[in-house]
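J.: no FASTA, just this:
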């Protein structure tokens, strides 16, 4: 199993550009999450999904969109990038409920200039 | 909403010594989970240890153990026999046991340095 994979690892955007951060998991997890980590801070939840076709906002959703057309993939779309979106983005997934562990991807470092 | 507070931005420990990282949280729920995650320079988030709120016994994983004080809403991590590889950011996290999304709420982290 590859676990949770994210692409790209690094990206520099200009203000106003758009991009999609890719996330995929091969563990058949139904729950998937997107977090952002600003310098010196903890992770904050952007969006999450409890299954294909179901998404919901987290703590900091403004400026982002998501979709979940398959169990495996959960892309995060940035429209009109702003310097405030400079951050490290983590995708995570877990199975079911209870105390099942949340698995994290390696992160994408995004800089908006 | 739940909050997680880590009041120690940085800690330092000598190799082979013991260090304790602090975490407090605020919640009105009675059933929840608490976690400690390690984030080395590679950025990968690694689960260190977890605690279920309804279990009175403190969790232990090899050199890592927790002191869970439910009434005080405190969840500290003790690292024994510290090793150079323990140097990392450590995040405390909370997760409700109810609801459908099982979202994690993180603290701001403690950077642990390990010196020779």
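T.: Looks like it came in fine. Bear in mind that the values here come from a model prediction, so they are computed numbers and not experimental data.

J.: residue closest to the middle of chain A?
T.: Central residue of chain A (CA atoms, centre = their mean): residue A:34, 3.0 Å from the mean position.

J.: what does chain B give?
T.: Closest to where the C-alpha atoms of chain B average out (CA atoms, centre = their mean) is residue B:36, at 3.1 Å.

J.: tally of neighbours for the closest residue to chain A within chain B?
T.: Residue of chain B nearest chain A, by CB to the nearest CB: residue B:106 (3.3 Å). From N, CA and C alone the C-beta is placed, and that goes for glycine too. Neighbourhood size, residue B:106 [other CB atoms under 10 Å in any protein chain shown]: 21.

J.: excluding sequence neighbours, find me the nearest residue to it.
T.: In this structure, residue B:106 finds its nearest non-sequential neighbour in residue A:42, 3.3 Å apart by CB to CB, 6 or more residues apart in numbering or on different chains.

J.: contact partners for the one you found?
T.: Residues in contact with residue A:42 (CB atoms under 8 Å, 6 or more residues apart in numbering or on different chains) are B:4, B:91, B:93, B:106, B:107, B:108, B:109.

J.: and if you look at residue B:65?
T.: Counting by CB under 8 Å, 6+ apart, residue B:65 has contacts B:49, B:58, B:59, B:77, B:78, B:80.

J.: quick check: which element contains the fifth one?
T.: With elements delineated by DSSP states H and E, residue B:78 resides in strand B:74-79, which encompasses its position.

J.: buried residues in that strand?
T.: Neighbour-count burial for strand B:74-79 flags B:75, B:76, B:77, B:78, B:79 (criterion: 16 or more other CB atoms under 10 Å in any protein chain shown).

J.: can you list the helices and strands that it packs against?
T.: strand B:19-21, strand B:24-26, strand B:32-39, strand B:46-52, strand B:64-69, strand B:88-96 (3 or more CB pairs under 8 Å, 6 or more residues apart in numbering or on different chains; DSSP states H and E).

J.: who in chain B is up against chain A?
T.: Contact residues, chain B versus chain A (CB under 8 Å from any CB of the partner chain): B:4, B:9, B:33, B:42-45, B:47, B:50, B:52, B:91, B:93, B:100-109.

J.: buried among those residues? Make that a ChimeraX selection.
T.: To isolate the buried members of the residues of chain B next to chain A in ChimeraX, using 16+ other CB under 10 Å:
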select /B:4,33,43,45,50,52,91,93,101,102,103,104,105,106,107,108,109
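
J.: returning to what we had before: now distance to residue A:105 and mean pLDDT too, for the helices and strands packed on strand B:74-79, in a markdown table please.
T.: Below are those laid out as a markdown table (distance: least, CB to CB, whole Å; pLDDT from 0 to 100):
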| stretch | distance to residue A:105 | mean pLDDT |
| --- | --- | --- |
| strand B:19-21 | 25 | 98 |
| strand B:24-26 | 25 | 97 |
| strand B:32-39 | 13 | 95 |
| strand B:46-52 | 12 | 95 |
| strand B:64-69 | 23 | 97 |
| strand B:88-96 | 16 | 95 |
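
J.: could the ones you listed be laid out in TSV, adding distance to residue A:112?
T.: Formatted as TSV, the helices and strands packed on strand B:74-79 follow (distance: least, CB to CB, whole Å):
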stretch	distance to residue A:112
strand B:19-21	33
strand B:24-26	32
strand B:32-39	22
strand B:46-52	28
strand B:64-69	37
strand B:88-96	23
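
J.: and residue B:81, that's in a helix?
T.: No: going by DSSP: H, G, I helix; E, B strand; the rest coil, the assignment for residue B:81 is coil, not a helix.
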